[in-house]
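[1] Show me the folded form of this:
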Amino acid sequence: CGVIHHDVLRNAGLDPEKVHGWAFGLGLERLAMVLFGIPDIRLFWSEDPRFSSQFDAAAFKNKVVFKPFSKYPPVMKDVSMWLP
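    Presented below is the predicted three-dimensional model:
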């Protein structure tokens with residue numbers, strides 16, 4: 001996001017002293033994050049089948065919601081303490 005550069009306005013035949021503009025964009029990944037509840041954009045570039053197998057051509061129609069997963073196995077012998 002930001003202000004359109006003056007050279008871009010000039011190349012479009014506009015006078016930057018009279019015309020101002022803002023540039024912004026919304027990538028498809030960000031839109032998919034909102035639609036499917038995906039918390040981390042880096043998942044799109046991962047090769048983890050636990051992510052990619054959740055989505056197919058009918059994911060939007062079927063209103064698929066992302067199911068979180070962990071690369072670490074569950075731990076059943078966890079010990080936690082609190083010391084004041």
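
[2] for the protein, what spans make up the helices?
    With DSSP state H as the criterion, the chain has helices at 6-11, 28-36, 49-52.

[3] Can you lay out those as TSV showing distance to residue 22 and mean pLDDT?
    Where you see a C-beta, it was placed from the backbone N, CA and C, and this is true even at glycine. Converted to TSV, the helices of the chain look like this (distance: least, Cβ to Cβ, whole Å; pLDDT from 0 to 100):
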stretch	distance to residue 22	mean pLDDT
helix 6-11	12	93
helix 28-36	17	92
helix 49-52	34	94
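
[4] can you give me the strands in this structure?
    Assigned strands in the chain, in chain order: 2-3, 22-23 (criterion: DSSP state E).

[5] For residue 70, find the nearest of those strands.
    strand 2-3 (37.0 Å; Cβ to Cβ).

[6] How far away from the center of its chain is that closest one?
    21 Å (Cα atoms, centre = their mean, to the nearest Å).

[7] do stretch 61-75 as well
    16 Å.

[8] same question, stretch 4-11
    Counting by Cα atoms, centre = their mean, stretch 4-11 comes out at 29 Å from the chain centroid.

[9] buried set for it?
    By 16 or more other Cβ atoms under 10 Å, the buried positions in stretch 4-11 come out as residue 9.

[10] Just the C-alpha atoms of it, please, in CSV.
    Listed next in CSV are the C-alpha coordinates belonging to stretch 4-11 (Å, rounded to 0.1, in the frame of the first residue of the first chain):
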residue,chain,number,x,y,z
ILE,A,4,1.3,6.2,-6.4
HIS,A,5,4.7,7.4,-7.6
HIS,A,6,4.7,10.7,-9.7
ASP,A,7,6.4,9.0,-12.6
VAL,A,8,3.5,6.5,-12.9
LEU,A,9,1.0,9.3,-13.0
ARG,A,10,3.1,11.2,-15.6
ASN,A,11,3.3,8.0,-17.8
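
[11] what does it rub up against?
    15-16, 19-23 (Cβ atoms under 8 Å, 6 or more residues apart in numbering).

[12] Please tell me which one of those counts the most neighbours.
    Neighbour tally across those (other Cβ atoms under 10 Å): the maximum, 15 neighbours, falls on residue 16.
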